[in-house]
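Peer 1: Okay, sequence plus prediction incoming.
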2 protein chains.
Amino acid sequence: MARAKRAGRRSGNPDTRAEILAAARRLFAEEGFESVSMRRIAAEAGVDPSLIHHYFGSKDDLFLAAIELPMDPAPEVEGVLKGQDLEGAGGRLMHAFVAIWDGPHQDKLLAMVRSSLSKPAMAFVLRQLFEHRIVTTVERTLGDQVDHIPVRAGFIGSQVFGLVVTRYILKLEPLASLNAEELAETVGPTIDRYLTMPVDRLLEGR
Amino acid sequence: MARAKRAGRRSGNPDTRAEILAAARRLFAEEGFESVSMRRIAAEAGVDPSLIHHYFGSKDDLFLAAIELPMDPAPEVEGVLKGQDLEGAGGRLMHAFVAIWDGPHQDKLLAMVRSSLSKPAMAFVLRQLFEHRIVTTVERTLGDQVDHIPVRAGFIGSQVFGLVVTRYILKLEPLASLNAEELAETVGPTIDRYLTMPVDRLLEGR
């Protein structure tokens, strides 16, 4: 996102799409995802708001385009959860995790995580990705078997983001060199427990 | 560490201590902790190596002084583990975690984590802290009850670093507003399992 450059205000030219993306990146980074409206982005880019909807659809879609997501983790997650029993879901999610993170997009994914963790204003990138790609996918695939998925997803996220940090950033051994099956056996049960533990009490008064 | 400034070469003056620290910060950041010898640091600071030992003791101690650790987590961890049963250790570690992270040093700790995660060369700060303050403390206090502590500590670290990311950086709810007792009940059993699961097989051929 640091690459976003302030472009001159123009409208109706072939660069409109690029200008909308640049404006979105700039405003999201400076003010955060939640507080920036589509109307603000349109004004910043010097275009009519309807053009943003035309090019990108929803604000979520605009976000995904703006952060230049190197790869969408949702299909991988959906693939290991959809149409299967809840049992063993944690292990299967670890296989998806390794497929995503040990795949060809590791460098770009790591760059995104680093930038998102380093500056407070950039935390929204990871949070949005997590909530709008991962949590929604888990909800869609396990929603009829598991209650309170957003709450459970936070715990699962705490384990999975921690794996990213220890395995790919700090490179702690033997964690960094375990294969998918070994991670499924050791970390999978943690995720299974977060999918099944009682969480009602955590929601009282919140 | 970005504050480290290149000072002129002097020796035997009252700034010697500060010069050693500046040289250590600079070299650790540029080349990593492991590859920089005490002798290199002494040469960079323009002092005799014996002076470093005189002022700081070991290379680990020099490291702790150089990173200006806002607070040492080791005593808190030792306090909840020493002289107690293994049972419930995970929950007690969560209480220590909250005492450390919700305490007065949160901002400085977070700044350290952010800088350590954002640049590859800085990962050594967190890794050293983890290995030389946390793992050694767990080894000292639980070493007679638990085998392969460095391996288990990696898994525990993956959960705990992930909590730092999700609770204090991404601020996912309700995770961010759970109290120590709630974290002990939900995340404590994860740590207990990492302290007791079989890990021998993970070490085969490594």
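Peer 2: All right, it came through fine.
Peer 1: For residue A:206, grab the count of nearby residues.
Peer 2: The tally of other residues near residue A:206 (other Cβ atoms under 10 Å in any protein chain shown) stands at 9. Using the backbone N, CA and C atoms, a C-beta is placed for each residue, glycine as well.
Peer 1: same check, this time on residue A:57
Peer 2: Counted with other Cβ under 10 Å, residues neighbouring residue A:57 total 12.
Peer 1: now do residue A:128
Peer 2: Look at residue A:128: counted by other Cβ under 10 Å, it has 21 neighbours.
Peer 1: State the next helix or strand along the chain beyond the strand or helix carrying it.
Peer 2: When elements are assigned from DSSP states H and E, residue A:128 belongs to helix A:123-129. Once the chain leaves helix A:123-129, the next helix or strand it forms, by DSSP H and E, is helix A:136-142.
Peer 1: So residue A:86: helix, strand or coil?
Peer 2: coil (DSSP: H, G, I helix; E, B strand; the rest coil).
Peer 1: Return the backbone torsion pair for residue A:66.
Peer 2: When read as degrees, to the nearest 10, the backbone of residue A:66 gives phi -70, psi -40.
Peer 1: residues touching it, list them.
Peer 2: Neighbour list for residue A:66: A:1, A:21, A:24-25, A:28 [criterion: Cβ atoms under 8 Å, 6 or more residues apart in numbering or on different chains].
Peer 1: residues making contact with the helix holding residue A:128?
Peer 2: By Cβ under 8 Å, 6+ apart, helix A:123-129 touches A:1, A:28, A:32-34, A:60, A:63, A:67, A:69, A:73, A:112-113, A:115-117, A:161, B:169-172.
Peer 1: May I have that helix exported as PDB, CA atoms only?
Peer 2: Taking C-alpha atoms only, helix A:123-129 is exported to PDB below (Å, rounded to 0.1, in the frame of the first residue of the first chain):
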ATOM      1  CA  ALA A 123      -4.300  -3.600  11.200                       C
ATOM      2  CA  PHE A 124      -7.600  -3.300   9.300                       C
ATOM      3  CA  VAL A 125      -6.100  -5.200   6.300                       C
ATOM      4  CA  LEU A 126      -5.600  -8.400   8.300                       C
ATOM      5  CA  ARG A 127      -8.800  -7.900  10.300                       C
ATOM      6  CA  GLN A 128     -10.900  -7.400   7.200                       C
ATOM      7  CA  LEU A 129      -9.300 -10.300   5.400                       C
END
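Peer 1: Give me the distance from it to the chain's centre.
Peer 2: How far helix A:123-129 lies from its chain's middle: 6 Å, per Cα atoms, centre = their mean, to the nearest Å.
Peer 1: same deal with stretch A:166-181?
Peer 2: 21 Å.
Peer 1: just to revisit the earlier point, quick check, nearest of the contacts of residue A:66 to chain B?
Peer 2: The nearest member of the contacts of residue A:66 to chain B, counting by Cβ to the nearest Cβ, is residue A:1 at 13.6 Å.
Peer 1: Quick one: end-to-end length of stretch A:165-180, please.
Peer 2: Distance across stretch A:165-180, first residue to last, is 17 Å (Cα to Cα, to the nearest Å).
Peer 1: Enumerate the positions of it that are buried.
Peer 2: Residues of stretch A:165-180 classed as buried: A:165-170, A:172, A:174-175, A:178, A:180 (neighbour count, 16 or more other Cβ atoms under 10 Å in any protein chain shown).
Peer 1: What about chain B: which of these touch it?
Peer 2: Contacts with chain B within the buried residues of stretch A:165-180, as defined by Cβ under 8 Å from any Cβ of the partner chain: A:165-167, A:169-170, A:172, A:174-175, A:178.
Peer 1: Any regions of chain A where pLDDT drops low?
Peer 2: A:1-14 (pLDDT under 70).
Peer 1: Could you list the domains of it?
Peer 2: Annotated domains of chain A cover A:16-66, A:74-200 [automatic domain parsing].
Peer 1: Quick one: these as TSV, columns for distance to residue B:81 too.
Peer 2: As requested, the domains of chain A are arranged in TSV below (distance: least, Cβ to Cβ, whole Å):
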stretch	distance to residue B:81
domain A:16-66	39
domain A:74-200	20
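Peer 1: mind listing what whatever residue of chain A ends up closest to chain B touches?
Peer 2: Closest to chain B within chain A is residue A:162: 2.3 Å, counting by Cβ to the nearest Cβ. Contacts for residue A:162 (Cβ under 8 Å, 6+ apart) come out as B:157-163, B:165.
Peer 1: List the contacts of the nearest residue to residue A:135 once chain neighbours are set aside.
Peer 2: Take residue A:135 and drop its neighbours on the chain: the residue closest to it by Cβ to Cβ, 6 or more residues apart in numbering or on different chains is residue A:153, 4.5 Å away. Residues counted as contacts of residue A:153 (Cβ under 8 Å, 6+ apart) are A:130, A:134-135, A:138.
Peer 1: From residue B:190, how far off is residue A:153?
Peer 2: From residue A:153 across to residue B:190, the span is 15 Å (Cβ to Cβ, to the nearest Å).
Peer 1: again, but for residue A:163
Peer 2: Counting by Cβ to Cβ - residue A:163 and residue B:190 are separated by 12 Å.
Peer 1: between those two, who's got more neighbours?
Peer 2: Set residue A:163 next to residue B:190 and count neighbours by other Cβ under 10 Å: residue B:190 wins out with 27 against 24.
Peer 1: list the contacts for the more buried one?
Peer 2: Neighbouring residues of residue B:190 by Cβ under 8 Å, 6+ apart: A:159, A:190, A:193, B:90, B:159.
Peer 1: let's see 6 Å
Peer 2: A:190, B:159 (Cβ atoms under 6 Å, 6 or more residues apart in numbering or on different chains).
Peer 1: what's the helix or strand for it?
Peer 2: Element membership for residue B:190 (DSSP H and E) is helix B:188-196.
Peer 1: buried sites along that helix?
Peer 2: Along helix B:188-196, these residues count as buried under the neighbour rule (16+ other Cβ under 10 Å): B:188-195.
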